[in-house]
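K.L.:
Coordinates for the following, if possible.
(4 chains)
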2 protein chains.
Amino acid sequence: MTSSRAAEAGALRREPLSDQVFTRLRDLILTGAIPPGGALPAERELAADYGVNRHAVREAVKRLQQSRLIEVFQGGRTRALDWRRTAGLDLVVDVPGTLDAVTVPGVVHDALEMRACIGADAARLCALRAGDEARAEIVAQAEAFARSGPDLTDLGVADVAWWRLIVEGSGNLAYLLAFNSLVHGAIAMEQVPVDLRSAELLDVEAHRALAERIERRDAAQAERLARELLGRSVPGTADQATTNDQAAVAPI
Amino acid sequence: MTSSRAAEAGALRREPLSDQVFTRLRDLILTGAIPPGGALPAERELAADYGVNRHAVREAVKRLQQSRLIEVFQGGRTRALDWRRTAGLDLVVDVPGTLDAVTVPGVVHDALEMRACIGADAARLCALRAGDEARAEIVAQAEAFARSGPDLTDLGVADVAWWRLIVEGSGNLAYLLAFNSLVHGAIAMEQVPVDLRSAELLDVEAHRALAERIERRDAAQAERLARELLGRSVPGTADQATTNDQAAVAPI
DNA sequence: CTGGTCAACTGTTTGGACCAGCTCTTGCCA
DNA sequence: TGGCAAGAGCTGGTCCAAACAGTTGACCAG
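P.N.:
A predicted model of the protein is given here:
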């Protein structure tokens, strides 16, 4: 008996209208439907097309602008930017799930690869820079991780919390923010099939060993262990024989 | 003879009002004036306080929401998030220059450190994955870099363009987006005093050598050379004796 | 004390109007 | 005929006013 008029119409859900407009326009740009340098329809036109008020369109445009997907000129038209040259890492937050399912695995792989790279250096820096208290907390959390249920999802949550301590311990704000971007995005639990990471998540001893190295300020070994552990979830880390001669950073 | 009425009033410049509101609110959150979990003033109240229309406030709020600095509840109040746990890497784009000059050098250092980490791995992957054409272009661009004027600013521009080729050649979209975030943000020419990077920028031969290793698909040496080259601009890379026991990721 | 009801918040959406700046057409002048 | 300048008609930027839709909390009946 709910007055679900909009739902019945089938046009738009109860997600805020501006968010829906944002998503649609973003996908038009990411898929190349609006090419770099191409002009977006005028705000008044977009409002008419989507059947919403112009203010909703403006809020969506503001978000696109901050994502550096478009450039806005008063008096002139709003144009699409070349997102491969301008968009930031936060783009991986929303992309998974919205575009072709074919391209998503690639994004997830890239995100895991980046996680391995940053995680290893963060472990090294954490061993070097983190205070006694922070390093002890990492050891304690490693034990808590070991006590986590056999459920892979639970392990995944505990794993993220543990790595957050390490990244925080590295003292590098850029690492921490990038970690956030990855966790909120491509590496979010929903996106990565946990069984792909089972080799990493189930090895409780490897986590303990890494924590111990950090505790002992053994930066070199901490980095090595972290790189090995995180690399397990990245297909083709050790056996680097594959060389694809195709275009770099495949069009999405 | 410009009709600079707003400028004379001293209230707000000709920067879009919503951008100014965004900046002010963002700084309130980043500085902790509005603590994590704390509520922002109501939109109607903010509009009254800043003397702008409510729509300007809403556009700013939408941007804060996308930056994952706030959480919005219809019916309830808008609350500040713990940005250290939620904000993404794009935060480094606007932060330099807006907050205390004391904390900015730290952000720049972190960004350079991250650049070294990702750049080294990108060079490795580029040597492994990039096609013949892409690798040849990197060699060519290294020569173009060598011909760049002795001006450090010009060298910096050419350097960014060259590294972009390498990151693109790595085939990792996450690396490319993170590179964009850093270039648009903390590592932007205006932020980093170029003389701090002179040891890196002036060594044309090191650039050439790295390009050659990538050309020859020598991944290991490419990574090593890249790490060494990029590490020159990061104070305290080799002589890691300093260990600060203070809190990790200092509050901004 | 418990339960539901309602008023007073909050953000969401709408409509219309006007200002400011860019662009392209139009039409005058040399 | 060529060139340039005025202006009409776009574009985004800002504002006002009102209604809609959830949440919260106080208040009152049981």
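
K.L.:
going forward, measure contacts and count neighbours with C-alpha atoms only.
P.N.:
Will do.

K.L.:
Might you report the residue contacts of the closest residue to DNA strand D within chain A?
P.N.:
When scored by CA to the nearest atom of the strand, chain A has residue A:75 as its residue closest to DNA strand D, at 3.0 Å. Under the criterion of CA atoms under 8 Å, 6 or more residues apart in numbering or on different chains, residue A:75 has no neighbours.

K.L.:
likewise the one 4 residues further on?
P.N.:
Taking CA under 8 Å, 6+ apart as the contact definition, residue A:79 lies against A:36, A:37, A:38, A:39, A:40, A:70, A:71, A:72.

K.L.:
about what we covered before: what distance do you get for the residue of chain A closest to DNA strand D to DNA strand C?
P.N.:
3 Å (CA to the nearest atom of the strand, to the nearest Å).

K.L.:
Repeat that for residue A:148.
P.N.:
Going from residue A:148 to DNA strand C by CA to the nearest atom of the strand gives 36 Å.

K.L.:
pLDDT at the nearest residue to that residue once chain neighbours are set aside, what is it?
P.N.:
Distance criterion CA to CA, 6 or more residues apart in numbering or on different chains; nearest residue to residue A:148, sequence neighbours excluded, is residue A:155 at 6.0 Å. Looking at residue A:155, its pLDDT reads 88.

K.L.:
Contacts for the helix or strand hosting residue A:155, please.
P.N.:
Following DSSP states H and E, the helix or strand that holds residue A:155 is helix A:152-169. For helix A:152-169, contacts defined as CA under 8 Å, 6+ apart pick out A:119, A:122-123, A:125-127, A:129-131, A:134-135, A:137-138, A:141-142, A:144-145, A:148-149, A:175-176, A:179, A:183, A:189, A:194-195, A:198, A:201-202, B:248-249.

K.L.:
Taking the stretch 101-250 of chain A, what residue is nearest to DNA strand C?
P.N.:
Nearest to DNA strand C, among the residues of the stretch 101-250 of chain A, is residue A:184, at 20.1 Å (CA to the nearest atom of the strand).

K.L.:
What about that residue, how many residues nearby?
P.N.:
For residue A:184, the neighbour count with other CA atoms under 10 Å in any protein chain shown is 20.

K.L.:
Please confirm that the residue of chain A closest to DNA strand D is located within a strand.
P.N.:
No - under DSSP: H, G, I helix; E, B strand; the rest coil, residue A:75 falls outside any strand and is assigned coil.

K.L.:
Retrieve the pLDDT associated with it.
P.N.:
92.

K.L.:
From residue A:42, how far out is it?
P.N.:
Using CA to CA, to the nearest Å, residue A:75 is found at 11 Å from residue A:42.

K.L.:
got the domain boundaries for chain A?
P.N.:
Listed by automatic domain parsing, the domain ranges of chain A are A:14-87, A:104-231.

K.L.:
okay, these, which one's buried deepest?
P.N.:
Among those, domain A:104-231 has the highest mean neighbour count (mean count of other CA atoms under 10 Å in any protein chain shown), at a mean of 21.

K.L.:
Am I right that residue A:187 is in a helix?
P.N.:
No - counting by three-state DSSP, residue A:187 is not found in a helix; it is coil.

K.L.:
need the contact list for it.
P.N.:
Per CA under 8 Å, 6+ apart, neighbours of residue A:187: A:108, A:111, A:112.

K.L.:
what distance separates the helix or strand hosting the last one from the centre of its chain?
P.N.:
This means residue A:112. Applying DSSP H and E as the criterion places residue A:112 in helix A:104-129. From the chain centre to the centre of helix A:104-129 is a distance of 12 Å (CA atoms, centre = their mean, to the nearest Å).

K.L.:
other SSEs contacting it?
P.N.:
Applying 3 or more CA pairs under 8 Å, 6 or more residues apart in numbering or on different chains; DSSP states H and E, one finds that helix A:104-129 contacts helix A:152-169, helix A:173-184, helix A:204-215, helix A:219-231, helix B:104-129, helix B:173-184.

K.L.:
I'd like the mean pLDDT over that helix, please.
P.N.:
Helix A:104-129 comes out at a mean pLDDT of 93.
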